[in-house]
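Participant: Turn this into a structure:
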Amino acid sequence: GARTIMEFEFATVTRIIFGPGSVEKAPSIAGQIGDRALLVIGSDAERTKSLRQRLLKRGIRVTSFQVMGEPTLDLVIEGVARARKAGCEIVVAMGGGSVLDTGKAIAALLTNRGNLLDYLEVVGGGQQLARPSAPCIAIPTTSGTGAEVTRNAVLGVPEKRVKVSMRSHFMLPSVAVVDPTLTYSMPPSITASTGLDALTQLLEAFVCNRPNPLTDGICREGLMRAARSLYRAFVDGRDAAAREEMAVASLFGGLALANAKLGAVHGIAGPLCGMFPAPHGVICGRFLPWVLEANIRALQQREPASPILARYDEVARMLTGDAEALAEDGIKWVKRLCEELRLPSLREFGLDQTDFSLVVANSRRASSMQGNPIALTDEELMRILQKAF
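Facilitator: Below you'll find the model as predicted:
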């Protein structure tokens, strides 16, 4: 095909610290920034106890804020109020994607006046943040979303049954501390769903319609690691090498999606997660093989000269480790992995075929859908839903 002019941007956090035990560096980094911290934590307060003690030992005044489930608008507003009242200058968020997103949103609203709704897509004003967020240190405890290096926060609006994003380059945390040992305690089902999220993000960013050489390299490195380590981490949560590779894969998925695009799997998963209580990664795993199949078929029919077709073969080679593999083998590999990870079916979450047309309509509007390598028709999207179901 014709050569397109290459243009891309790449932005990430100022500092990424990776490695076993790296969480111990967080207190001194926090202390260099300020002496009052809002510590955003998940449902298990025990996990963050030692971090809290080390922050206090550094002479930092700590105000804790707990995120029990998925973050909502009300929760973020409450967190901002608590941080302002305590005079917090810095946000330290330690937990899964929900906790990190909450921390990023609180940090953004600490320095940007106005109402949270002003800054939300879809349900709000979609305004841009005017000034940089308060400094935020993000410490993931799952290997999944890569939220420690992404520039958005997904927030639920339960009364409207939707999830919406707050997005800005100002929302990139200041420091990401990725310590694989923090993921050892994840139970197998969480390892499976968060790992599938990471795998899907890497895969979609690699075959999206706006790839760039920098994210390509990151996706290749991440995909190979996720492919060989996800099942191992699922089987044995204390397999240090597998946990380390999944932590790299998750971080790389975040780096890639923040600087390239995603695709139809995330385009469908976004709206579905707002409507049903299914974990994001389970939805990704259930839809990935059928979206791969639909995209390849649509490209073959409508854009047979697309260079992206060759990428699907390359994905298959990275997933299977077989130099002769073709796209079809990659799809089979993903289906088998989902069986091995004992992924629940979507029926178990109350999804019903009567909801499909609403899901298709909503997924059309999802920002991730704009990155899909080819525009899928409503019929194609319907077929994907039926097969995944």
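
Participant: Which parts of this structure are helices?
Facilitator: 26-33, 49-57, 73-85, 97-111, 188-206, 213-235, 240-259, 264-275, 280-302, 308-320, 327-340, 356-365, 378-388 (DSSP state H).

Participant: Can you check what angle separates the second one from helix 26-33?
Facilitator: Counting by axes from the mean of the first three to the mean of the last three Cα atoms, to 10 degrees, helix 49-57 lies at 30 degrees to helix 26-33.

Participant: outside of helix 49-57, which residues touch it?
Facilitator: Residues from elsewhere that reach helix 49-57, judged by Cβ atoms under 8 Å, 6 or more residues apart in numbering: 23, 24, 26, 27, 30, 37, 39, 62, 64, 92, 94, 139. For glycine as for every other residue, the C-beta is placed from the backbone atoms N, C-alpha and C.

Participant: Just name whatever secondary elements the worst-scoring helix or strand of the chain on mean pLDDT is in contact with.
Facilitator: When each helix and strand of the chain is scored by mean pLDDT, DSSP states H and E, strand 162-167 comes last, with a mean of 80. Here strand 162-167 touches strand 152-157, helix 264-275, going by 3 or more Cβ pairs under 8 Å, 6 or more residues apart in numbering; DSSP states H and E.

Participant: Switch these over to CSV, and while doing so, append mean pLDDT, distance to residue 185 and mean neighbour count to every line.
Facilitator: Output for these, formatted as CSV (pLDDT from 0 to 100; distance: least, Cβ to Cβ, whole Å; neighbours: other Cβ atoms under 10 Å):
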stretch, mean pLDDT, distance to residue 185, mean neighbour count
strand 152-157, 87, 24, 22
helix 264-275, 88, 24, 25
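
Participant: of all those, which lies closest to residue 112?
Facilitator: Of all the helices and strands packed on strand 162-167, strand 152-157 sits nearest to residue 112, with 13.1 Å by Cβ to Cβ.

Participant: contact partners of the closest one?
Facilitator: Taking contacts as Cβ under 8 Å, 6+ apart, the residues outside strand 152-157 that touch it are 70-73, 76, 97, 101-102, 104-105, 108, 120, 123, 147, 162-168, 171, 270, 274.

Participant: In space, what's closest to residue 383 - neighbours in sequence excluded?
Facilitator: Excluding the flanking residues, the one nearest residue 383 by Cβ to Cβ, 6 or more residues apart in numbering is residue 294, at 6.8 Å.

Participant: doesn't residue 264 make contact with that neighbour?
Facilitator: Yes: between residue 294 and residue 264 there is a contact under Cβ atoms under 8 Å: 7.4 Å.

Participant: Overlap of the contact sets of the two?
Facilitator: Counting by Cβ under 8 Å, 6+ apart, the shared contacts of residue 294 and residue 264 are 376, 384.

Participant: ok so, going back, turn the helices of the chain into CSV, including distance to residue 346.
Facilitator: As requested, the helices of the chain are exported to CSV (distance: least, Cβ to Cβ, whole Å):
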stretch, distance to residue 346
helix 26-33, 38
helix 49-57, 36
helix 73-85, 27
helix 97-111, 20
helix 188-206, 13
helix 213-235, 20
helix 240-259, 22
helix 264-275, 8
helix 280-302, 6
helix 308-320, 23
helix 327-340, 12
helix 356-365, 11
helix 378-388, 6
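
Participant: Thank you kindly, that will do.
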